[in-house]
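In: the following block contains a protein sequence and its predicted model.
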Amino acid sequence: MISNQILQTTIDGLKGITRIDLCICDTEGKVLASTFPEAEEYENSILSFVESPADSQVIQGYQFFKVFDEHQLEYILLAKGSSDDVYMVGKLAAFQIQNLLVAYKERFDKDNFIKNLLLDNLLLVDIYNRAKKLHIETNVRRVVFLIETKQEKDVNALETVRSLFATKTKDFITAVDEKNIILVKEVKPNEDYADLEKTASVILDMLSSEAMTKVRVAYGTVVNDIKEVSRSYKEAKMALDVGKIFYNGKNVVAYGTLGIGRLIYQLPLPLCRMFIREIFDGKSPDEFDEETLTTINKFFENSLNVSETSRQLYIHRNTLVYRLDKLQKSTGLDLRVFEDAITFKIALMVVKYMKYMENLDY
């Protein structure tokens, strides 16, 4: 459960303090971590010690210790030397490794619990029972952040997020797929959605500068009970998808700011196709030439203001009016009329959604 790297770092640190060589082996005599090169020579002695009833023993000038995970023998520890001081250091080292086992097991159990919680794999009664057993508070305000990395299994990104939040006992970092890092974060009573936006920006900046990776960050709404955490996760997932479709220029997307995009995202594709056929008589609004699309988008950006749009496009007002008249003839919609403008704007968004969903099928 504990990586060999962690074990090596632990005994390196202990040797640095005590100046006594240490070695950790599994129950089959294989060396997992060691501070001296000849550790592999003691494989037979280790196998004999495993079978013996003793918890510690001096063999060939080394102190041998058994390290248990609860009642299961997990590791054999060797301390070089047979003096009382070496025995004491060996016992301390065995105690330290046993504590590491407990800590990592608890972390593993918590990680499994959070994953199953996010994926709705737990019954309501199991959520509260397991949370109590793992000492996780159930009535803390929480929100789920979803961090999508460009590369699959981005270890640097994951470690950077952990360095930011893992020290906070009420925050959890996990993953349920290859590309997304999930942060279940505690929200303090005085924090609001503006603070969550700042947190998302910090994550974005840290991953860009520390892990040298570009990411997209989405987050759901704040929930007050642990059973609702999966809802915040689903909201964050939707925000990530909707952001890709309608707000491609934004790297941080909040579920609470998706607006009409959230409604369109939940429409079935057959209904979307029917809507486009009714409005445009079989044509698609994205078939217009680039000049027309630029004019339309700029007109919407300027709240249907003809004068401001023509100024920003560096064209005469009459030229803009001509383009809008031409558009009206081909579509039957006059963008200067509020109702027609809304219909056209929604149609553009529906087409974007349809294209995104159809591309996912390939």
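Out: That came in fine, so what should we check first?

In: element containing the spatially most central residue of the chain, please.
Out: Nearest residue to the geometric centre of the chain (Cα atoms, centre = their mean): I181, 1.6 Å. Element membership for I181 (DSSP states H and E) is strand 180-186.

In: that strand pairs with which strands, parallel or anti?
Out: The pairing partners recorded for strand 180-186 under DSSP bridges are strand 142-149 (antiparallel), strand 172-174 (antiparallel).

In: what average pLDDT does that strand get?
Out: Mean pLDDT, strand 180-186: 93.

In: returning to what we had before: right, and the strands paired with strand 180-186 - which one's nearest D340?
Out: With Cβ to Cβ as the criterion, D340 lies closest to strand 142-149 of these, at 36.5 Å. In this view, the C-beta of every residue, glycine as well, is placed from N, C-alpha and C.

In: contacts for that closest one, please.
Out: 118, 157, 161, 179-187, 196, 199-200, 203, 207, 213, 215-223, 226, 229, 232-233, 235-237, 239-240 (Cβ atoms under 8 Å, 6 or more residues apart in numbering).

In: alpha carbons only: can I get that strand in CSV?
Out: What follows is strand 142-149, C-alpha atoms only, in CSV (Å, rounded to 0.1, in the frame of the first residue of the first chain):
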residue,chain,number,x,y,z
ARG,A,142,-18.8,21.6,0.5
VAL,A,143,-18.4,22.2,-3.3
VAL,A,144,-16.9,20.1,-6.0
PHE,A,145,-14.3,21.5,-8.4
LEU,A,146,-13.5,19.5,-11.5
ILE,A,147,-10.1,20.1,-13.1
GLU,A,148,-9.6,18.8,-16.6
THR,A,149,-6.0,18.3,-17.7
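
In: now stretch 314-333: buried residues?
Out: By 16 or more other Cβ atoms under 10 Å, the buried positions in stretch 314-333 come out as L320, R323, L324, L327, T331, L333.

In: shaky segments in the stretch 51-200 of the chain?
Out: Scanning the stretch 51-200 of the chain for pLDDT under 70 picks out 106-107, 166-169.

In: again, 80 this time
Out: 70, 102-108, 151-155, 166-169 (pLDDT under 80).

In: identify the residues contacting R231.
Out: Remark: with contacts taken as Cβ under 8 Å, 6+ apart, R231 is in contact with G220, T221, V223.

In: give me phi/psi at it?
Out: Per-residue torsions, R231: phi -70, psi -40 (degrees, to the nearest 10).

In: separation between it and A341?
Out: Per Cβ to Cβ, to the nearest Å, R231 is found 34 Å from A341.

In: what about the helices in the stretch 151-300 of the chain?
Out: Secondary structure of the stretch 151-300 of the chain (DSSP state H, counting those that start in this stretch): helices located at 155-165, 193-209, 229-246, 260-265, 269-280, 290-301.

In: most neighbours per residue, which of the ones you listed?
Out: Of all the helices of the stretch 151-300 of the chain, helix 229-246 carries the top mean neighbour count, a mean of 21, counting by mean count of other Cβ atoms under 10 Å.

In: and that one, how far out from the chain's middle?
Out: Helix 229-246 has its C-alpha centroid displaced from the chain centroid by 12 Å (Cα atoms, centre = their mean, to the nearest Å).

In: what do you get for stretch 141-150?
Out: Taking Cα atoms, centre = their mean, one finds stretch 141-150 lying 5 Å from the centre of the chain it belongs to.

In: that one: which residues count as buried?
Out: R142, V143, V144, F145, L146, I147, E148, T149.

In: ok, stretch 108-120 next?
Out: Of all the residues in stretch 108-120, those buried under the rule 16+ other Cβ under 10 Å are K110, F113, I114, N116, L117, L118.

In: just give me the closest of those to I173.
Out: Set against I173, the nearest of the buried residues of stretch 108-120 by Cβ to Cβ is I114 (8.9 Å).

In: are we agreed that that closest one is in a helix?
Out: Yes. Secondary structure assignment places I114 in a helix (DSSP: H, G, I helix; E, B strand; the rest coil).

In: pretty sure the residue nearest to the centre of the chain contacts L164?
Out: No. Using Cβ atoms under 8 Å, I181 is not in contact with L164; the gap is 11.0 Å.
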